[in-house]
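>>> I would like to see how this sequence folds:
(chains A and B)
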Amino acid sequence: RKEVEQDPGPFNVPEGATVAFNCTYSNSASQSFFWYRQDCRKEPKLLMSVYSSGNEDGRFTAQLNRASQYISLLIRDSKLSDSATYLCVVDILTGGGNKLTFGTGTQLKVEL
Amino acid sequence: GAGVSQSPSNKVTEKGKDVELRCDPISGHTALYWYRQSLGQGLEFLIYFQGNSAPDKSGLPSDRFSAERTGGSVSTLTIQRTQQEDSAVYLCATKRDRGETQYFGPGTRLLVL
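Next up, the predicted model:
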């Protein structure tokens, strides 16, 4: 089983739609969680951290369910510019320190 | 302030040659990661340096790959006897401390002919 698993998509949605991505992780000792965004042929960039209580940043809402070991990202009122690959990232404490593990990403395409 | 920088930005080499990729981290970032991303694929973890600890090399795909980090700052990733399947974007990312987010460099696009 992969340490971090995501549905690769692509998710094709019309502009203005609400879309949700889920991500599951296998290591219950995971401590920190993030969503990154990667545009085509660009490096990944942090979208938002994910807190236990859930957090919101404009049209983006992230939630964490430790009991079920999954993380979600909700995008409301999607824009054409939201088209990208969304990477779920989990920070795991290892013997050598913390190690960020990336999912393979979920591709989103927002269409007119 | 300056972000993570990588050089070269693009590298074309012939099969069998050695290549060296460089990563300059953000000042003060103690953790440094190397990843590989093939076209249309996810990030593949290669190696991780954290301060003075022994590096986590668990992601290196073969003994042709090695990396070092001198003085806890600049890191070089070396690929010996390159193969065509080594063609990918090699990304470096650094972070300051536990729980902090990673910042990525722009990557080195390697093409092995």
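
>>> pLDDT score for A:Leu93?
Here, the pLDDT recorded for A:Leu93 equals 72.

>>> pretty sure it belongs to a strand, no?
Yes: counting by DSSP: H, G, I helix; E, B strand; the rest coil, A:Leu93 is found in a strand.

>>> Was I right to think it contacts A:Ala29?
Yes: counting by Cβ atoms under 8 Å, A:Leu93 does reach A:Ala29; the two are 5.9 Å apart. Every C-beta, even on glycine, is put in place using the N, C-alpha and C of the backbone.

>>> so which residue of chain B comes closest to chain A?
Closest to chain A within chain B is B:Gly42: 3.0 Å, counting by Cβ to the nearest Cβ.

>>> got the residues of chain B near chain A?
Contact residues, chain B versus chain A (Cβ under 8 Å from any Cβ of the partner chain): B:31, B:33, B:35, B:41-43, B:45, B:48, B:50-51, B:53-56, B:91, B:93, B:95, B:98-99, B:101-107.

>>> what does chain A put close to chain B?
Chain A has residues A:31-32, A:34, A:42-46, A:49, A:87, A:89, A:91, A:93-94, A:96-105 near chain B, with proximity defined as Cβ under 8 Å from any Cβ.

>>> What about the residue of chain B closest to chain A? Give its phi and psi, please.
For B:Gly42, the backbone dihedrals (degrees, to the nearest 10) come out as phi -80, psi -180.

>>> B:Gln84 now?
phi -60, psi -30.

>>> Contacts only, for the residue of chain B closest to chain A.
A:87, A:102-105 (Cβ atoms under 8 Å, 6 or more residues apart in numbering or on different chains).

>>> In terms of pLDDT, where does it sit?
Looking at B:Gly42, its pLDDT is 82.

>>> now swap in B:Arg98 and tell me
B:Arg98 carries a pLDDT value of 64.

>>> what does A:Tyr70 give?
For A:Tyr70, pLDDT reads 92.

>>> residue contacts, it?
A:Tyr70 sits in contact with A:22-25, A:64, where contact means Cβ under 8 Å, 6+ apart.

>>> do B:Leu32 as well
Counting by Cβ under 8 Å, 6+ apart, B:Leu32 makes contact with B:23, B:25, B:48-49, B:69, B:75, B:92-94.

>>> what's the answer for A:Lys99, then?
Applying Cβ under 8 Å, 6+ apart, we find A:Lys99 in contact with A:91-93, B:45, B:48, B:56.

>>> By mean pLDDT, point me to the weakest helix or strand of chain A.
Here the helix or strand of chain A ranked lowest by mean pLDDT, DSSP states H and E is strand A:97-102, holding a mean of 77.

>>> Contacts for the helix or strand hosting B:Cys92 next, please.
Using DSSP states H and E, B:Cys92 sits within strand B:88-95. With Cβ under 8 Å, 6+ apart as the test, strand B:88-95 has contacts from A:43-44, A:100, B:4, B:6, B:21, B:23, B:25-26, B:29-39, B:43, B:46, B:75, B:77, B:101-105, B:107-110.
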